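**Student:** For reference, the sequence and a predicted model appear below.
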Amino acid sequence: MQTAVIVPTYNEKDNLEPLVTQLLSLPLDIQVIIVDDNSPDGTGDLADRLAEQYAGRVQVIHRAGKLGLGTAYLAGFRRALDAGADLICTTDADFSHNPRYVPSLVNRIRQGYDLVIGSRYVPGGGTIGCTLPRKLLSWGANAFARAMLGLRAHDTTAGFRCYQREVLARMDLDTIKASGYSFLIEMLYRVQRQGWRVGEVPIIFENRRRGTSKISRDEIIKAMLTVLRLAWIRLRGTRG
Ligand SMILES: Nc1nc2c(ncn2[C@@H]2O[C@H](COP(=O)(O)OP(=O)(O)O)[C@@H](O)[C@H]2O)c(=O)[nH]1
Ligand SMILES: [Mg+2]
């Protein structure tokens, strides 16, 4: 099975090379698709160098500026679908999502799931090195999204995922409104509503050691608005 791993990057120059190397050394047929938003720190050039070094296994999508995490995933999804990938995974570039878990995500898909989430909030999962505010933010966002949208997964905001090709191929990707972090919640909402089987495998999420988080207050507010918009759609029982 061909597995594409989408890695969105914005200022990840200290993380990208070891991450790509570790992904490519997994015992899977892996292609890496880096989506860089013209990172000021030169991550895009580094990505090009890796694409040259690992020709055929690493591709780069360059975008003009910081256009958001959600649209970066979308650009990656389209490229992966065009390339004929069977499975499409997403991961942060910062090692919070350790590449060693990718095989367990893929294995769970093989057991008959359509979307598998690398989850902090199932038995065996957890976090290391996260500050209390960060834990509270994650916990609050999850509780809110689950309560408002009836999401059954426990880690609804996690960006460590693996999708079966068909889930993305059959989704009208153009109509997804969220462009930032809350894209993850909107995707999960749609996947569940469309009746796909969603599974979770435990991961230990380690706070990044290098670089800084790109989540901002704006993103948090936008995420709340996304949940409210989807809750409204759900309440009216209409498509959206
Ligand atoms: N291409 C692109 N990548 C982004 C953007 N925002 C965040 N990222 C990347 O998305 C991943 C998640 O962001 P991160 O800062 O780790 O968020 P956190 O884990 O919630 O603190 C990282 O690999 C970032 O470099 C964006 O606007 N464009
Ligand atoms: Mg991260």
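**Tutor:** Yep, it's here. Numbers count the residues shown, from 1 in each chain. Ligands and ions are numbered 1, 2, ... in the order given.
**Student:** and the longest helix belonging to the chain, what does it pack onto?
**Tutor:** Looking across the chain with DSSP state H, the single longest helix is helix 217-236. If you count contacts as 3 or more Cβ pairs under 8 Å, 6 or more residues apart in numbering; DSSP states H and E, helix 217-236 packs onto helix 132-149, helix 183-193. Yep, even glycine has a C-beta here, placed from its N, CA and C like the rest.
**Student:** Could I get the average pLDDT for it?
**Tutor:** Averaged over helix 217-236, pLDDT sits at 95.
**Student:** hmm, who's touching it?
**Tutor:** 137, 141, 144-145, 148-150, 157, 177-178, 180-182, 185-186, 189, 239-240 (Cβ atoms under 8 Å, 6 or more residues apart in numbering).
**Student:** that older thread, format the helices and strands packed on helix 217-236 as CSV; extra columns: mean neighbour count, mean pLDDT and distance to Pro27.
**Tutor:** What follows is the helices and strands packed on helix 217-236, written out as CSV (neighbours: other Cβ atoms under 10 Å; pLDDT from 0 to 100; distance: least, Cβ to Cβ, whole Å):
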stretch, mean neighbour count, mean pLDDT, distance to Pro27
helix 132-149, 15, 95, 31
helix 183-193, 22, 97, 27
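**Student:** and Val106, which of these is closest to it?
**Tutor:** Among the helices and strands packed on helix 217-236, helix 183-193 comes nearest to Val106, with 17.2 Å by Cβ to Cβ.
**Student:** mind saving the C-alpha coords of the closest one as CSV?
**Tutor:** C-alpha atoms of helix 183-193 as CSV (Å, rounded to 0.1, in the frame of the first residue of the first chain):
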residue,chain,number,x,y,z
PHE,A,183,-9.9,22.3,9.6
LEU,A,184,-9.2,19.2,11.7
ILE,A,185,-12.5,19.4,13.5
GLU,A,186,-14.4,20.1,10.3
MET,A,187,-12.8,17.1,8.6
LEU,A,188,-13.6,14.8,11.5
TYR,A,189,-17.2,16.1,11.7
ARG,A,190,-17.7,15.3,8.0
VAL,A,191,-16.0,12.0,8.1
GLN,A,192,-18.2,10.8,11.0
ARG,A,193,-21.3,12.2,9.5
